[in-house]
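> after the sequence you'll find the predicted model.
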Amino acid sequence: MKTKHSIKSLISGMLAVVMTIGAIPSMSVFAAQVNEYIDPADVWITSNGRTNELDFNATITQETLWCPVCNKDTIMLTYRTPEYTKSGTTALNRGVAYSDGTMTDGVTKGNIDDGRPGIDATYTTYHWTKSICQVCGTINSADGFDSYCFSRNVYSLNSCDHDFFLDFDNTTYEPYNDTYHTTVLKKGQYCQFCKGTKARATEKREAHNFIEVIDAQLGNNRFYVSERCDDCGYETNEYITAKSVVSSYYGTVDGAPHTVSVSDLSEGDVHTSIRYGTSANSCTLTSAPNYTEAGYYPVYYEIDYKYDGKSMTENGVSYVWLLEDENDTIIILPPTNSNEEHSHDYRYVETIKPSCENLGYEHWQCDGCGRLEQRNYTPALGHNYKSVTIREANCKQGGLKLNLCENCGSFYEETTPVGEHHYHSEVIAPTCRNVGYTEHICDVCGHSYITDMTPIISHSFEKITKKPTCLDKGYTTSTCTMCGLNYVSDYTEPLGHKWDEGHTVTNSTCDAEGVIEYHCLNDGCTEKMIKATSATGHTPGKAATCTEPQVCEVCGTVHG
């Protein structure tokens with residue numbers, strides 16, 4: 001697909017089975033870009049147990065909320081899963097507010113009307129929500145003590161705020177065959193909170209949008225044509241033969257004109273044009289020159305091949321070789337006087353070199369009577385064929401070779417069988433969410449298969465322990481280093497303050513309280529406690545007399 005879902009349906013099926021057993025999908029909490037968003041219904045994982053299924057398919061975020069148990073703002077792990085129903089309307093319309101079917105009164109059970117997303121159920125623009133306090137571990141504590149879901153492992157229904165919907169266009173393209181691909185047009189809106197999707201989807205078959213690249217390969221006598229669909233990425237390639245054979249002429253003078261012959265082996269869509277000349281740099285003639293007299297004549301040529309706007313030029317030379325009109329074995333010229341005895345006096349004239357199919361020999365001529373003989377035969381050379389690959393064999397088509405004699409220009413074509421796939425392998429390591437496997441992909445036709453499937457590996461948890469303080473519980477947060485999944489465990493009770501002996505800030509007096517300040521001895525705690533000490537009361541002195549009042553012995557206060 002254009003969206004880079006490159007693993008074929010076979011792989012998808014195998015992975016789905018394994019993921020259904022123990023994997024948790026990863027869904028980003030951020031807004032997806034165009035063609036990056038994935039509808040939860042497309043990757044929905046079914047599970048035994050309503051709550052487990054909602055957990056597996058939830059978007060998980062961390063938020064700061066008020067926890068009445070901790071009596072302060074704490075970090076909450078919040079799960080949000082879009083609501084899917086068979087009717088397409090929220091269960092709240094039927095009074096159902098919680099994932100276990102409990103209605104808004106917290107007692108009565110109702111119909112959730114849930115189904116399989118993407119099969120028999122659609123998104124309602126509502127989502128299921130639950131939260132877990134990361135300090136005290138209480139489920140749904142943010143909903144308050146009086147809520148039905150408080151400290152219960154259930155989800156409650158909430159409306160998806162329209163302000164948090166984003167538009168998306170998630171059109172995908174999947175190759176169908178060499179000519180067409182399947183276009184699945186899917187666009188609409190989705191909720192940034194729960195990723196629930198309101199989409200309109202249509203499917204149709206369209207022709208590939210090919211972009212063609214042509215490589216002129218003169219050395220291989222061909223045009224290499226590759227095409228790639230700009231929509232779905234489907235690729236094709238083929239070799240277009242571009243070859244003309246200019247054969248030399250070998251013969252004897254017979255009064256008729258002779259020249260080279262041309263055999264055009266190019267495929268139908270290739271336009272071939274040839275120019276001839278008597279030198280390599282002046283090929284301007286539209287037809288090859290003809291010769292009638294004995295001699296050895298070079299014929300230079302320039303061949304232009306054009307295919308779909310791309311061109312290449314081949315230069316070469318062939319020959320016209322005309323011999324005198326002679327007997328193939330011995331030519332006898334009559335003597336000047338046939339009645340006289342004559343002793344031949346043969347003298348060497350010339351050497352006729354052997355050709356691919358004909359013997360070589362020497363001409364000897366009698367100096368007296370002119371008798372001409374052929375002597376000293378040498379074997380024919382035989383053809384010296386050189387093989388030129390015009391089209392290489394691959395897994396889609398057979399190859400084509402041209403066998404061309406370097407001496408005389410004789411040629412014949414040879415086909416080769418369809419080749420094997422050329423696979424490269426990609427090893428996908430297993431993770432705690434997906435199985436591992438090795439995918440083998442053909443570089444030519446894209447055929448693929450998988451081997452060596454390995455099971456999902458265990459989460460690799462990194463544990464961070466928070467020690468308890470005087471007021472807060474201790475706990476351990478375990479986070480998977482591969483997928484980010486985390487949970488909180490091993491809660492320990494708060495330590496409670498450990499006060500020192502205290503020191504006096506203000507002493508008690510007869511009629512005023514004193515103040516003692518205590519400091520917590522636990523590490524990291526800066527809490528202080530203030531306690532009041534009772535007033536000591538007055539200490540009366542001597543009883544009052546007529547002339548002296550009674551006075552407190554400590555502070556001197558007059559009592560009477």
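Structure's in. What do you need?

> quickly note the distance from Lys130 to Met76.
10 Å (C-beta to C-beta, to the nearest Å). Where you see a C-beta, it was placed from the backbone N, CA and C, and this is true even at glycine.

> pick out whichever of the two has more residues nearby.
A direct count of neighbours by other C-beta atoms under 10 Å for Lys130 and Met76 places Lys130 higher, at 26 against 22.

> name whatever forms a beta bridge with that one.
Tyr79 (DSSP bridges).

> tell me the confidence at it?
pLDDT for Lys130: 94.

> for it, which residues are in contact?
Listed by C-beta atoms under 8 Å, 6 or more residues apart in numbering, the contact set of Lys130 reads Leu54, Thr78, Tyr79, Ile139, Asn140, Cys149, Asn153, Val154, Tyr155, Ser156.

> please check the residues you listed and keep the buried ones.
Buried subset of the contacts of Lys130 (neighbour count, 16 or more other C-beta atoms under 10 Å): Leu54, Thr78, Tyr79, Ile139, Asn140, Cys149, Val154, Tyr155, Ser156.

> pick out the most distant pair among these.
Greatest spacing in those, by C-beta to C-beta: Thr78 and Val154 (14.3 Å).

> buried sites along stretch 399-417?
By neighbour count on 16+ other C-beta under 10 Å, the buried set for stretch 399-417 is Gly399, Leu400, Lys401, Leu402, Leu404, Cys405, Cys408, Gly409, Ser410, Phe411.

> tell me which two in those residues are the farthest apart.
Gly399 and Cys408 (25.0 Å).

> keep only those of the buried ones among the contacts of Lys130 that are in helices.
Leu54 (DSSP state H).

> in CSV: the buried ones among the contacts of Lys130, plus pLDDT and distance to Ile38.
Shown next, in CSV, are the buried ones among the contacts of Lys130 (pLDDT from 0 to 100; distance: C-beta to C-beta, whole Å):
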residue, pLDDT, distance to Ile38
Leu54, 92, 18
Thr78, 94, 20
Tyr79, 94, 18
Ile139, 94, 28
Asn140, 94, 28
Cys149, 93, 29
Val154, 95, 27
Tyr155, 96, 22
Ser156, 95, 25
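
> wait, which of the buried ones among the contacts of Lys130 is closest to Ser263?
Of these, the one sitting nearest to Ser263 (C-beta to C-beta) turns out to be Leu54, at 74.8 Å.

> my read is that the closest one contacts Tyr155, right?
Yes: between Leu54 and Tyr155 there is a contact under C-beta atoms under 8 Å: 5.5 Å.

> need the overlap of contacts for the two.
Common neighbours of Leu54 and Tyr155, using C-beta under 8 Å, 6+ apart, are Tyr79, Thr81, Ser99, Trp128, Lys130.

> now, the most widely separated pair of these?
Tyr79 and Ser99 (10.7 Å).

> identify the contacts common to those two.
Leu54, Trp128, Tyr155.

> next up, the contacts around Cys520.
Cys470, His497, Lys498, Trp499, Asp500, Thr526, Glu527, Lys528, Met529.

> who does the fourth one bridge with?
Okay, so that is Trp499. Counting by DSSP bridges, the residues bridging with Trp499 are Cys520.

> run a quick neighbour tally on it.
With other C-beta under 10 Å as criterion, Trp499 counts 15.

> please apply the same query to the first one.
Cys470 is surrounded by 14 other residues when neighbours are defined as other C-beta under 10 Å.

> break this structure into its domains for me.
For the chain, the structural domains run 31-206, 215-324, 326-378, 461-492, 497-560, going by automatic domain parsing.
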